[in-house]
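Trainee: what follows is a predicted protein model with its sequence.
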Amino acid sequence: MPITEFNLEVKPKIPEAIEGLKELSENLLYSWHGSIRELFITLDPALWVSCQHNPKLFLRRVDEELLISASKDPEYLQRYQDILHWSRDYCASDPEDTSPGCSLPDQTLIAYFCAEFGFHESFPIYSGGLGILAGDHCKAASDMGIPFVAVGLLYHEGYFTQTIDAQGHQICHYSSQSFVDSPISELRDDAGNEISISVPIGNDEVVVKLWKVSVGRIQLILLDSDVSCNSLDNRSITRQLYGGDHSMRLQQELILGVGGVRALAVLGIKPTVWHINEGHAAFSIFQRILELMTQQTLGFDAALEQIAAATVFTIHTPIAAGHDRFDRQLIEHFAGRYIGDLGLDIDQFMALGEAADDQFNMTALALRGSRFHNAVSRIHGGVAARMEQYLWPQIPADENPITYITNGIHVESFLHKRWRRLFDSHFSDCRHHLDQSGDWNYVDHIDDETWWTTHCEIKKSLLLEIEQRLRTQHQRNGLSEALIERCSHYVAETHSDILLIGFARRFATYKRAGLLFLEVERLAALVSNPDRPVVFVFAGKAHPSDDAGKQLIKLLYERSLQPEFIGRIILLEGYDIAQARMLVAGCDIWLNTPEYPLEACGTSGQKAAVNGVVNLSIRDGWWDEGYNGKNGWALSPHDPDCDPGYRDRQEAIDFLNILESQVIPAWWERENNVYPARWVAMSKASMSSTMAKFSAQRMVRDYVETPYLSAAQQGARIEKPGVATALADWKRRVAALWPGVKAQRIDSRTSEVEIRESITLSLRVNLNGLDSSDIVVECILGKFFQGQFVSESCIKLGFQIPEHDDDHEEGGDDLFSVDWKPSECGLKQYRLRVYPYHELLSHPLETGCMLWV
């Protein structure tokens, strides 16, 4: 006879004196304020760990006697009351440290769309860097009092948790989240009914339920298709982050983009600036166009101009796999209804996502549907501008509308608590002014021995965690106790003075986790010096379908058990935000070996640097801007056009050269046999040069002062009656006539002139029906550098009004000229060009049209 098991959960009753703990558990403010988490940890540290640092789950599992005891403890009660009052004041008021530079026009509201958000390990709706960055963006917006609402998807399974088996294979584990234990709440109307919207997908109307997450002062709206009235297939759309095939991804992105816009509308939220964070949410453009065409009876082109003027788009990666592309058949099947509603045919619709192939490219759609575009570091800005040059083919890549804002990290989320306590004990508000671009010089007031002691305490706790995780991992895989001892030998407490080098990030092939193993004998010799022990610790996940990335994990696992590397090379499983926080705070050196120029930013290095960990990295992503010669070590990359195998080996040699000649000596050169003075100096420089300059507060300030402010102003300008239609009509006219525009130089083409002597530059331009006010004629002054023309200044050529009417016939040529007096001697280079211009353009070269003479 089968036996049935029944579950009964007995929940504790929270005493009235501390019932605000429930309120604190329901706002993700706890994810970046350690004082809130400490209220829970103090009650039962072991339970906190077993609950994966989830305060809502903790309050359901904690012993009621511990709650009663805490409610009668005067010291605990005082801390609780202080923190609860501070939390309520924070959420209810504008921050005191918001400076006037962050001001936006009245009634501005920014809507931020992203496919994933990484706030904390207790709420796993993130995969990796994109999600963590989105979470940090939201946290900084909250701290700075920016008018901001975020939109995403609620994944029931989220991303996978990882184990590594005895053969080194990555094993992916998916488990459904308990929303009862998540910091979310259902959105309901005044009558108590659940609020939902519908999204047309194929022949279905998919019902989508809405949830709310409090992230400090701001709100995150999450969309969930797991509603009982939907079919099983439609219920599963939002089940798994980045799960399924291309058709599943397309359906997820329709819900995110179209559903996100509809959700804000039904909630009465009216953004004035829209930020598409990576191309996943680009379908929001179509929904906004549809609404505008219906409400204002605008044509498609005019509606597109109005929508794009208020839209910001951020590109996050140069890797092709990060830019979603869909076949024509999938688009017709799942998005076909939008094509007709927009008044387009399938070819016109596909053209909006046209890139370098026949597929529908979400990045291309996002670029065409926005007017303010940015990459996420200086180098990435150049890479992205070249990659997306197909949109502006006649414009030099360095002048097209793609710019950059370098990513930053939310310092409060990643700064170790020991550093926070140290700085708070010396300076009252030093961590509350992180939105500036200069050095953070508070570190200069901490003496070297205190600095070293603090780092060693953090490192000691990391080594203990590594030892425990290694033991759990290897015991599960059946390794002998003797072998486990050898694997964890150098991270044991008795060997805390090792040089610990960390590498933790996604195991994508371009990040080259196995680079140093190309010189395996030399690496073995480096880690085997008994007088100067070196340990490398690796951690990270490969995408479930990335076989090459999974093979890297297997290679590292196998190397870690080879006799020459055992105990010296460590591979940790279970990579997540919590593990990342420990590693970036407790390592001595942070290693980064990307294939240049594919590292868009690389924020793990920023997280390490704010904890005083010293970076050793290729000059790519943020490190090219962050490295100053005193705060770490940098390798200049080899030419990316040379043979990949040759380049990889040469860069492996370069890394080992620096490790042998600079890093290891700096670590083992001790001041009075106590601490490594050179390393401490670099550690301080690492923190001071990164803490503010690469903070999320600085990043969000950059967004506010440039694209957000511009989009708010341009959006208000273009939405005025008739303006969008006029701009769309002008662009249509330019596109039709531009191929027939011709220009010819008619001056004497002087090749030599005396200093301060005037020369005349003159062009005769056949405008092919355009007006002289429709174009700009320029002389670009510059010089050649490394084979490239670099512009230095610009002179505009003026339209010369004919003296007599018969000097200019309709359809004839127009004359443009300027007198120029060179003010410096030497060989000068200059170029002449013509391009269309309208005062309503968001960027002067956004038409992509240019004629070079």
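Mentor: Nice, I can see it. Residues are numbered from 1 along each chain as shown.
Trainee: show me where the stretch 701-850 of the chain has helices.
Mentor: Taking DSSP state H, counting those that start in this stretch as the criterion, the stretch 701-850 of the chain contains helices spanning 709-718, 723-737.
Trainee: these: which one's closest to Arg532?
Mentor: Proximity to Arg532 (CB to CB) singles out helix 709-718 among those, at 52.7 Å. C-beta coordinates here come from the backbone N, C-alpha and C atoms, glycine included.
Trainee: which elements pack onto that closest one?
Mentor: Using 3 or more CB pairs under 8 Å, 6 or more residues apart in numbering; DSSP states H and E as the contact criterion, the neighbours of helix 709-718 among helices and strands are strand 273-277, helix 300-309, helix 723-737.
Trainee: hmm, try it at 6 Å
Mentor: Identification of packing neighbours for helix 709-718 by 3 or more CB pairs under 6 Å, 6 or more residues apart in numbering; DSSP states H and E yields helix 300-309.
Trainee: ok, residues contacting the helix it packs on?
Mentor: The set of residues that contact helix 300-309 without belonging to it, under CB atoms under 6 Å, 6 or more residues apart in numbering, is 288-289, 292-293, 342-343, 369-371, 714-715, 718-719, 724-725, 727-728, 842.
Trainee: quick check: angle from it to strand 273-277?
Mentor: Inter-element angle recorded for helix 300-309 and strand 273-277: 80 degrees (by axes from the mean of the first three to the mean of the last three CA atoms, to 10 degrees).
Trainee: after helix 300-309, which helix or strand is next? Please name it.
Mentor: Helices and strands here follow DSSP states H and E; after helix 300-309, the next one along the chain is strand 311-314.
Trainee: and that following strand, how far out from the chain's middle?
Mentor: Computed by CA atoms, centre = their mean, to the nearest Å, the chain-centroid distance of strand 311-314 equals 13 Å.
Trainee: what comes into contact with stretch 617-630?
Mentor: By CB under 6 Å, 6+ apart, stretch 617-630 touches 377-379, 406, 592, 594, 596-597, 599, 601-602, 605, 634-637, 685, 689.
Trainee: please redo it, this time with the cut-off set to 7 Å
Mentor: Residues from elsewhere that reach stretch 617-630 (CB atoms under 7 Å, 6 or more residues apart in numbering): 377-380, 406-407, 592-594, 596-597, 599-603, 605-606, 615, 634-637, 682, 685, 689-690, 694.
Trainee: so who does Arg506 touch?
Mentor: If a contact means CB under 7 Å, 6+ apart, then Arg506 has Gly128, Gly540, Lys541 as its contacts.
Trainee: my read is that the second one contacts Ala504, right?
Mentor: Yes. Taking CB atoms under 7 Å as the contact criterion, Gly540 and Ala504 are neighbours in contact, 5.6 Å apart.
Trainee: find the residues that touch each one of these two.
Mentor: Between them, Gly540 and Ala504 share these contacting residues under CB under 7 Å, 6+ apart: Tyr575.
Trainee: more neighbours, these two?
Mentor: Remark: of Gly540 and Ala504, Gly540 carries more neighbours, 26 against 23, as counted by other CB atoms under 10 Å.
Trainee: that older thread, out of the contacts of stretch 617-630, list just those in helices.
Mentor: In this view, the contacts of stretch 617-630 that belong to helices under DSSP state H are Arg378, Ile379, His380, Thr603, Gly605, Gln606, Met682, Ala685, Ser689, Thr690.
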